[in-house]
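[1] sharing a model that was predicted from the sequence below.
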2 protein chains.
Amino acid sequence: MLRSLEDYVEFVGDKAVSSIYKKASNLYSKHICHVNSTFLGGGVAELLSRIVPLTNEIGLDTGWRVVHGTPAFFNVTKKFHNALQGKAINLSPMEKKLYLSVNERFSTYTHIEDSDCVVIHDPQPLPLVKFYKKRQPWIWRCHIDLSNPNKELWDFLKTFMIRYDMVIFSNEKFKKSNLPVQQRIIYPAIDPLSLKNVELQDKDIARYIKLAQIPTDKPLITQVSRMDPWKDPEGVLEVYRLVKKKVDCRLLYCYNLAADDPEGMEVYSRVQRKAKDLIESKDLLFVVGNDDLLVNAIQRFSSVILQKSIKEGFGLTVCEALWKGKPVVASNVGGISTQIKDGENGFLVESHDYKGCADRVIEILKNPNLVQKISKKAKERVRRHFLLPRLLSDYLDLFIELIK
Amino acid sequence: MLRSLEDYVEFVGDKAVSSIYKKASNLYSKHICHVNSTFLGGGVAELLSRIVPLTNEIGLDTGWRVVHGTPAFFNVTKKFHNALQGKAINLSPMEKKLYLSVNERFSTYTHIEDSDCVVIHDPQPLPLVKFYKKRQPWIWRCHIDLSNPNKELWDFLKTFMIRYDMVIFSNEKFKKSNLPVQQRIIYPAIDPLSLKNVELQDKDIARYIKLAQIPTDKPLITQVSRMDPWKDPEGVLEVYRLVKKKVDCRLLYCYNLAADDPEGMEVYSRVQRKAKDLIESKDLLFVVGNDDLLVNAIQRFSSVILQKSIKEGFGLTVCEALWKGKPVVASNVGGISTQIKDGENGFLVESHDYKGCADRVIEILKNPNLVQKISKKAKERVRRHFLLPRLLSDYLDLFIELIK
């Protein structure tokens, strides 16, 4: 279903929508091109799948290209991802060469000469800029938690970043004083009209839950995320085991495997081994999150949403849950604390404090009044700050500023 | 490594290369755009990854876009693939709608207005043409074995085909008298300079085989293909069991999982169950074919190459093996009989004749002279007809004819 900008009036009001149309009129006949590394799985693909059609819809020709990687390339770039979030890395000259050569090859058949601005997402296509005659502003939009990047890798990637006109991070904390490029913060956003977030009737929720064979006899604690060590799926198990001692409930891990993430299957197997008893007792359910309506229903049906991330660029899944008025217990890392004010519209815990996390979950499960108190505030915070039209507006400001 | 057209002089001579440059000069400043549905796995992605950079290299701006499908979309299009090769299909209105809506959404952010010719590969992006103001010739390039397509689906897909200016098949047999669109045959081709096909020294072959932990104490029979019922992996097992009774040897199945093929994992599990004894005795090896140099080494190291397909649009893997001078035993289906003249440069068997196939393999294993006899002819046939410059030349002829 293709959406129009005016469909968002009901969420953000007609003043906000009208201001976007006015901004767009400064950009008539301009072309924008986004490049990332997957069209499926993970937050970046999801963001682009919503923002790109909408930008086109308001009259700005906007392309979305996906770098054609190989499995070996994605192994290298996943290492990058991990190292930018703080892990050690041992980068061989061969790996650097592969990283560059995939980008070089992609550049030979990706013609962006006509674009008035190029937006590159995350490290995978970062070196692309090297392989063009630069004729327009280039923006590097980084979605990763950069609070503590590995220095060796940062220095290597910086050699590409300095060719850019602007670098965008998801949080003030990620700005870098040693990067001589203009830096700006833009928060990601969710689409209230996507299948993942659209309002559902109770009977439809029940139908999806039944179709997915999810038992409904106990309260459900849910984490929705890629199978990734940074999402701490093993920590989620620990927390659940603590909760389970006090309140009978079920854990649902709704996971996704992204095409550009080769680690996923490994992590999945490890988690399965560790949780054998819980899987056998049917207290732990794994559900593949590749059906947006099902994920939507699961989030709405859950009693508590967990997001036990160790690092988090922003945390779109937190946003999705808040929008649904759900009580979220999440780690106080990266962009999550931008979304949650502890005790007000959700709950923050330190990422290694399993006990504290479990206590919060137990409190919520035992105290329905608590949920009522925060539910409205959770939704309102998202409505004000983290919906798609605000993101579109931020991008337009950026383009107006950069494109002469 | 980016290749130049002149690198191919050593294979096809300077006359052929010079004629390509002359053709290209008729197309100065023209733009071509290819669209398919995966950049990884399977023959089409491989073909495009070679032909597209080379077309750019000779001066013709040529893009390559990959339709952004969802898992549900690829489930539907895999059904299409199966039905076009003869299986029954029960197409729901929802499935048709999904097929169209993915293409419509993709069209909103895929700007091909500047292209002078659009080449659409296979059924996945076929309806795209509906979602543009058509301003240039569109070509539908079908790589599938169309000898016996399901009528219901054919009629549905024909409603899109008739918007095209030209339809290209891989074989005369696939032409359709009931399709009122210009039809042409273009054979696919392999790239002698790709990592998959480049000449390897014996010591390098040995090194790759060792790295992949492939034992070298017995002759190796190999099939290289996607995990797909049409490649008849279960038939391959049958043939091997028959061969094994007469000659001690090993079977290697070098498989690939394509991003747009959801059936792969299922088929893989079924084959593994059926071959449990062979896997345990280490007589059957499965190797993931995602490293081109390894596949190259495996093909060169094997004593016999099988291609037991039930349907085959062309069969690039047959071509690869012939180019390496290997004795190939392949089914007499689709495009394979265009490549192999039985007994001359390889061997054809009926696709359900397991005994006949096994007998051929046994004959080859027992008779090294036979191999010598056909090896040179196998390579020469590919050199003359199925190398990349010939394919490029055919495309240029087509563009010159279609673009005014």
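    Here it is on my side, so go on.

[2] right, and A:L193 touches A:E6 too?
    No: between A:L193 and A:E6 there is no contact, the gap being 11.4 Å when judged by CB atoms under 8 Å. The way it works is simple: take the backbone N, C-alpha and C, and place the C-beta from them, glycine included.

[3] the two: who's more crowded?
    Neighbour totals were compared for A:L193 and A:E6, and A:L193 leads with 20 against 13 (other CB atoms under 10 Å in any protein chain shown).

[4] ok, A:H34 to B:L294 distance?
    For A:H34, the distance to B:L294 equals 34 Å [CB to CB, to the nearest Å].

[5] so for these two, which residue has more residues nearby?
    Legend: neighbour count by other CB under 10 Å for A:H34 and B:L294, higher for A:H34 (26 against 20).

[6] confidence score at that one?
    pLDDT, A:H34: 98.

[7] so what's A:I336 up against?
    Contact partners of A:I336, counting by CB atoms under 8 Å, 6 or more residues apart in numbering or on different chains, are A:307, A:309, A:312, A:314-315, A:318, A:330, A:348.

[8] next, it: phi, psi?
    phi -70, psi -40 (degrees, to the nearest 10).

[9] and it, how close does it get to chain B?
    Going from A:I336 to chain B by CB to the nearest CB, to the nearest Å gives 28 Å.

[10] before we move on, what about A:K326?
    A:K326 sits 25 Å away from chain B, going by CB to the nearest CB.

[11] tell me the contacts of the residue nearest to that residue when sequence neighbours are not counted?
    Closest residue to A:K326 apart from its sequence neighbours, by CB to CB, 6 or more residues apart in numbering or on different chains: A:I305 at 4.9 Å. Residues near A:I305 by CB under 8 Å, 6+ apart: A:221-224, A:299, A:317-318, A:321, A:326-329.

[12] quickly list what A:I305 is bridged to.
    Beta-bridge pairing for A:I305 (DSSP bridges): A:T222, A:V328.

[13] contact partners for the spatially most central residue of chain A?
    The residue lying closest to the centre of chain A (CA atoms, centre = their mean) is A:G43, at 3.1 Å. The neighbours of A:G43, taking CB under 8 Å, 6+ apart as the test, are A:143, A:188, A:313-314, A:316-317.

[14] need the pLDDT of it.
    A:G43 is given a pLDDT of 89.

[15] distance of the residue nearest to A:K326 from chain B?
    Computed as CB to the nearest CB, the A:I305 to chain B distance reads 24 Å.

[16] go on, A:E238?
    From A:E238 to chain B the distance is 30 Å (CB to the nearest CB).

[17] which outside residues touch the helix or strand containing that residue?
    Under the criterion of DSSP states H and E, A:E238 resides in helix A:233-246. The contact list for helix A:233-246 (CB under 8 Å, 6+ apart) reads A:221, A:223, A:225, A:227, A:249, A:251, A:253, A:255, A:267, A:270-271, A:274-275, A:278, A:283-284, A:306, A:308, A:310, A:351-352, A:354-355, A:357-358, A:361-362, A:365.

[18] counting neighbours, what do you get for the closest residue to chain B within the stretch 251-400 of chain A?
    Closest residue of the stretch 251-400 of chain A to chain B, CB to the nearest CB: A:N290 (4.8 Å). Neighbourhood size, A:N290 [other CB under 10 Å]: 16.

[19] name the residues that touch the helix or strand harbouring A:I364?
    Using DSSP H and E, A:I364 maps to helix A:354-366. For helix A:354-366, contacts defined as CB under 8 Å, 6+ apart pick out A:219, A:221, A:235, A:238-240, A:242-243, A:246-247, A:249, A:303-304, A:306, A:308, A:327, A:329, A:347, A:349-350, A:370-371.

[20] buried subset of these?
    Buried subset of the contacts of helix A:354-366 (neighbour count, 16 or more other CB atoms under 10 Å in any protein chain shown): A:219, A:221, A:235, A:238-240, A:242-243, A:247, A:249, A:303-304, A:306, A:308, A:327, A:329, A:347, A:349, A:370-371.

[21] work out for me the element the residue of the stretch 251-400 of chain A closest to chain B sits within.
    Counting by DSSP H and E, no helix or strand carries A:N290.

[22] who are the contact partners of it?
    Contacts of A:N290 (CB under 8 Å, 6+ apart): A:41, A:256, B:70-71.

[23] using PyMOL, define a selection of the buried residues within those residues.
    Command for PyMOL that selects the buried part of these, burial taken from 16+ other CB under 10 Å:
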select buried, (chain A and resi 41+256) or (chain B and resi 70)
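
[24] quick one: name the residues of the stretch 101-250 of chain A near chain B.
    Within the stretch 101-250 of chain A, the positions lying close to chain B (CB under 8 Å from any CB of the partner chain) are A:101, A:104-105, A:108-111, A:114.

[25] now, which of those residues sits nearest B:Y395?
    Set against B:Y395, the nearest of those by CB to CB is A:Y109 (13.9 Å).

[26] for that closest one, what are its contacts?
    B:52-53, B:56, B:62-64.

[27] inside strands: which ones of the residues you listed?
    B:62-64 (DSSP state E).

[28] now, which of the residues you listed lie close to chain A?
    Answer for the ones in strands among the contacts of A:Y109 near chain A (CB under 8 Å from any CB): B:62-64.

[29] return the closest of the residues you listed with respect to chain A.
    Nearest member of these to chain A, counting by CB to the nearest CB, is B:W64, at 4.8 Å.

[30] now do the closest one: how many residues are near it, please.
    Applying other CB under 10 Å, we find 26 residues neighbouring B:W64.

[31] list the beta-bridge partners for it.
    Beta-bridge pairing for B:W64 (DSSP bridges): B:H34.

[32] you'd agree it is up against B:R50?
    No: using CB under 8 Å, B:W64 is not in contact with B:R50, being 11.0 Å away.

[33] quick one on the thing from earlier: give me the buried entries from the contacts of helix A:233-246.
    A:221, A:223, A:225, A:227, A:249, A:251, A:253, A:255, A:267, A:271, A:275, A:278, A:283-284, A:306, A:308, A:310, A:351, A:354, A:357-358, A:361-362, A:365.

[34] residues contacting the residue nearest to A:V267 when sequence neighbours are not counted?
    The shortest distance from A:V267 to any non-neighbouring residue, by CB to CB, 6+ apart, is to A:M227 (4.4 Å). Under the criterion of CB under 8 Å, 6+ apart, the neighbours of A:M227 are A:233, A:255-257, A:263-265, A:267-268, A:271.

[35] now the strands for chain A?
    For chain A, strands defined by DSSP E occupy the ranges A:31-36, A:61-66, A:117-121, A:138-141, A:166-169, A:183-185, A:220-226, A:250-256, A:284-288, A:304-307, A:328-331, A:347-349.

[36] so what does the second one touch, helix or strand wise?
    Right, the one you point to is strand A:61-66. On a contact count with 3 or more CB pairs under 8 Å, 6 or more residues apart in numbering or on different chains; DSSP states H and E, strand A:61-66 meets strand A:31-36, helix A:43-57.

[37] hey, which of the ones you listed is tucked in deepest?
    Comparing those by mean neighbour count (mean count of other CB atoms under 10 Å in any protein chain shown), strand A:31-36 comes out on top with a mean of 24.
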